[in-house]
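Peer 1: A structural model of the following input is requested.
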Amino acid sequence: MAMRRMSKLATDSPLYFDTDCLSAFLWVRDESLLTQLYPGKVVIPRQVYDELGSVPHLQARIDTLLRRNEVEISEIQVGTPAHEIYAELTGAPRPGHAVIGRGEAASLALSKCFNGIVASNNLRDISQYISEFGLQHKTTGDILAEAMDAGLISEQDGNTLWSNMLKKRRMLGAPSFTEFLHQKGR
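Peer 2: All right, here's what the predicted structure looks like:
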């Protein structure tokens, strides 16, 4: 991969990662890309951390980041607006809305309540909520494009990461990083 340099902060808002987006980087052992691109802004909802517990080596990678204070775990407290949103999304959605997974719901609820950005690839489940809640959203592809723009990776590095993520059965929405960039008009 190309030599990496520290990027300037790509956002002032915290990024609340759901399981699929975070695990894409964990599976290819390149979660450091997230902490370089978004220093002090990578937030993992407790539900996402717990979901990753079914794959111990992925959770161990998060534990390493936690020990280094490079990421934080966010809890949804009972009785808070975030908990009300989370409970609705995971158990009793409004008519015309689908129940969604705990990781996606936690990312949405925390982003809504704490002015954050949802980091998720699961557009089918969350798009309606992103729109209704007026939230910002990033996918793995968006993050890799920002990393390329910041000089942390080259397009070829992005294609290598993308290919490796696909090999780990990550759903990314395009056959290559280059194709993703073309889809975005870049």
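Peer 1: Pull up the gap between P175 and D50, please.
Peer 2: From P175 across to D50, the span is 32 Å (C-beta to C-beta, to the nearest Å). (Each C-beta comes from the backbone N, C-alpha and C, glycine too.)
Peer 1: What of A24?
Peer 2: 18 Å.
Peer 1: Pick out whichever of these two has more residues nearby.
Peer 2: A24 (29 against 16; other C-beta atoms under 10 Å).
Peer 1: Quick check: the more buried one touching R170?
Peer 2: Yes. With contact defined as C-beta atoms under 8 Å, A24 and R170 form a contacting pair (4.4 Å).
Peer 1: what separates stretch 128-147 from the chain centre, distance-wise?
Peer 2: Relative to its parent chain, stretch 128-147 has a centroid offset of 9 Å by C-alpha atoms, centre = their mean, to the nearest Å.
Peer 1: er, stretch 17-37 I mean
Peer 2: Remark: stretch 17-37 is offset 7 Å from the chain centroid, using C-alpha atoms, centre = their mean.
Peer 1: Next: stretch 125-138.
Peer 2: When distances are taken as C-alpha atoms, centre = their mean, stretch 125-138 is centred 13 Å away from the chain's centroid.
Peer 1: List the contacts of L33.
Peer 2: R4, F25, I143, L144, A147, L152, I153 (C-beta atoms under 8 Å, 6 or more residues apart in numbering).
Peer 1: Could you check how far the residue of the chain most remote from its centre is from F133?
Peer 2: The outermost residue of the chain, judged by C-alpha distance from the chain's mean C-alpha position using C-alpha atoms, centre = their mean, is P95 at 27.2 Å. The spacing between P95 and F133, counted by C-beta to C-beta, is 17 Å.
Peer 1: Tell me, please, the helix or strand in the chain that averages the lowest pLDDT.
Peer 2: Scoring the helices and strands of the chain by mean pLDDT, DSSP states H and E places helix 123-133 at the bottom, with a mean of 92.
Peer 1: Many thanks, I have nothing further to ask.
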